[in-house]
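[1] Coordinates for the following, if possible.
(one chain, ligands or ions: 1)
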Amino acid sequence: MVSIKKIAFFDTKPYDKIWFDKYKEEFGIDIKYFDVKLTSDTAVIARDFDGVCAFVNDRIDELTVNILSALGINIIAMRCAGYNNVDLKAAMDKITVVRVPVYSPYAVAEHAVALLLTLNRKTHRAYIRTKEHNFNISGLEGFDIYGKTVGVIGTGKIGQTFIDVISGFKPNIIAYDPYPVKDKSINYVSLDEIFEKSDIISLHCPLTKETKNIINKDSIRKMKDGVYIINTSRGQLINSEDLLEGILSRKVGGAALDVYDEEEHFFFEDFSQEIIHDETLPRLISMPNVIITSHQAFLTNEALESIAKVTLQNLKDFFDNKEIKNAISYKKQ
Ligand code: NAD
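    Got it, this is the predicted structure:
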């Protein structure tokens, strides 16, 4: 008889349920959905479950790992690619952690281009004007992307897809990655050259010790006046206060952000009736040349379906004692 494994699913949103409910039985998994985020305060919910499923803004620090481990949890299935919110050192040898390394690089790359086009051509402002029967186009000026220099930081799956998509506009593309792709005709330059030459900079690297605050007041100082900065990667790649300074001084011509360094307190939730206790986020939002979306770059049906299937497969492989391709931490057997 096949035993059904019970998973505690944290930080649940309606779009998660649609896809996980569609496939869970096929993989022999039962899911109990919880709205709360996984933190050291909520980890105890996982008592009597066989594993947990978590997302980008759950806080899986050392204490959370230790609580889960003490409850007998042997697997954390991250339903995302990035895992900077997991203390892997703490998890190593105690809990197996799996992730979804690829689901749809198109989803994120296309959103990065959507943000750039909105920022540049101000369609968000035009939409509001025409809704109010205001047909004035003053202040909606943009520039041709054709012939401009686009600097791409990080040329993994999403960075390469972004390059493919933006290439249609025929800009000059330069890129920086400490591990360049060999078989591609990407024009790699130094990081400083990216800063100095780019009209548009798009971030596609992971958050690591090296990339944390890669956009800061020093790198902004090196950039062209009026540079556009697009971030669909991780919030802490940018020092938000330095970015705000850059916007206020008009050094930075515009920023479009799908991620924010303190997003775990706000993103994915409705704060429309609340006071936002953050110095920088409301100020950035109030700027006419800043666009913020709340970590939705991944949100396409194709990506959600793929995330559900790969996460369920990861869990099934673990429970079947099979080789787990997508593990980033292993429990010592
Ligand atoms: P990937 O692993 O395929 O590529 C990352 C690339 O960054 C690699 O080529 C790597 O060599 C490069 N890199 C590493 N250190 C670097 C550094 N110091 N400077 C420049 N480049 C560096 O990952 P991916 O699938 O392309 O995803 C990229 C990032 O996008 C993820 O780490 C994640 O943070 C983010 N992401 C965001 C969303 C969203 O919804 N906004 C969704 C998925 C992924």
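[2] What are the phi and psi values at the residue of the chain found nearest the ligand?
    Residue nearest to the ligand within the chain (CB to the nearest ligand atom): residue 156, separated by 1.6 Å. C-beta here means a position set from N, CA and C on the backbone, and glycine is covered the same way. Main-chain dihedrals, residue 156, degrees, to the nearest 10: phi -80, psi -150.
[3] residues in contact with the residue nearest to it when sequence neighbours are not counted?
    With sequence-adjacent residues excluded and distances taken as CB to CB, 6 or more residues apart in numbering, residue 156 is closest to residue 204, at 6.7 Å. Counting by CB atoms under 8 Å, 6 or more residues apart in numbering, residue 204 touches 112, 152, 153, 154, 155, 156, 158, 159, 162, 232, 233.
[4] Strands - which of those residues land there?
    152, 153 (DSSP state E).
[5] what's the burial count for the residue nearest to residue 246 when sequence neighbours are not counted?
    Nearest residue to residue 246, sequence neighbours excluded (CB to CB, 6+ apart): residue 252, at 3.7 Å. Counted with other CB atoms under 10 Å, residues neighbouring residue 252 total 26.
[6] isn't residue 252 right next to residue 221, touching?
    No. At 10.8 Å, residue 252 does not count as touching residue 221 under the criterion of CB atoms under 8 Å.
[7] one step back: so how far is residue 105 from the residue nearest to residue 156?
    As defined by CB to CB, to the nearest Å, residue 204 lies at a distance of 9 Å from residue 105.
[8] can you list residues touching both of those two?
    residue 158.
[9] Within its sheet, name the partner strands of the least confident helix or strand in the chain by mean pLDDT and how each one runs.
    The helix or strand of the chain with the lowest confidence, counting by mean pLDDT, DSSP states H and E, is strand 327-329 at a mean of 89. Using DSSP bridges, the strands paired with strand 327-329 are strand 96-98 (antiparallel).
[10] give me the low-pLDDT residue ranges for this structure?
    1-2, 332-333 (pLDDT under 70).
[11] can you do 80?
    Regions of the chain meeting the criterion pLDDT under 80 cover residues 1-2, 183-184, 331-333.
[12] Write out the residues of it neighbouring the ligand.
    Residues of the chain lying close to the ligand by CB under 6 Å from any ligand atom are 81-82, 105, 108, 153-159, 176-179, 204-208, 210-211, 232-234, 258-259, 295, 297-298.
[13] hmm, which of the residues you listed are the buried ones?
    Neighbour-count burial (16 or more other CB atoms under 10 Å) is assigned, among those, to 81, 105, 108, 153-159, 176-177, 204-205, 207, 211, 232-234, 258-259, 295, 297-298.
[14] Could you find the residue nearest the spatial middle of this structure?
    Closest to where the C-alpha atoms of the chain average out (CA atoms, centre = their mean) is residue 233, at 4.6 Å.
[15] What about residue 103, how many residues nearby?
    By other CB under 10 Å, the residues close to residue 103 number 24.
[16] so it sits right up against residue 82, yeah?
    No. Using CB under 8 Å, residue 103 makes no contact with residue 82, being 11.8 Å away.
[17] hmm, back to that, which ones are touching the residue nearest to the centre of the chain?
    Residue 233 neighbours (CB under 8 Å, 6+ apart): 154, 158, 203, 204, 205, 206, 207, 259.
[18] ok, the fifth one touching residue 158?
    To tie it back to what came earlier, the one meant is residue 205. No. At 9.5 Å, residue 205 and residue 158 do not qualify as touching, with contact defined as CB under 8 Å.
[19] check contacts around the residue nearest to residue 55 when sequence neighbours are not counted.
    Among residues not flanking residue 55 along the chain, residue 11 sits closest, at 4.9 Å (CB to CB, 6+ apart). By CB under 8 Å, 6+ apart, residue 11 lies in contact with 34, 35, 36, 37, 38, 54, 55, 57, 58, 268.
[20] can you give me the helices for the stretch 1-150 of the chain?
    14-23, 62-70, 88-91, 105-121, 123-131 (DSSP state H, counting those that start in this stretch).
[21] Deepest-packed of these, please.
    Across the helices of the stretch 1-150 of the chain, averaging neighbours per residue (mean count of other CB atoms under 10 Å) puts helix 105-121 on top, at a mean of 21.
[22] I'd guessed residue 135 sits against residue 126; true?
    No. Using CB under 8 Å, residue 135 is not in contact with residue 126, being 9.5 Å away.
[23] Spell out the residue ranges of the strands in the stretch 201-333 of the chain.
    227-231, 252-257, 290-292, 327-329 (DSSP state E, counting those that start in this stretch).
[24] all helices for the stretch 201-333 of the chain, in order.
    217-222, 240-248, 281-286, 301-319.
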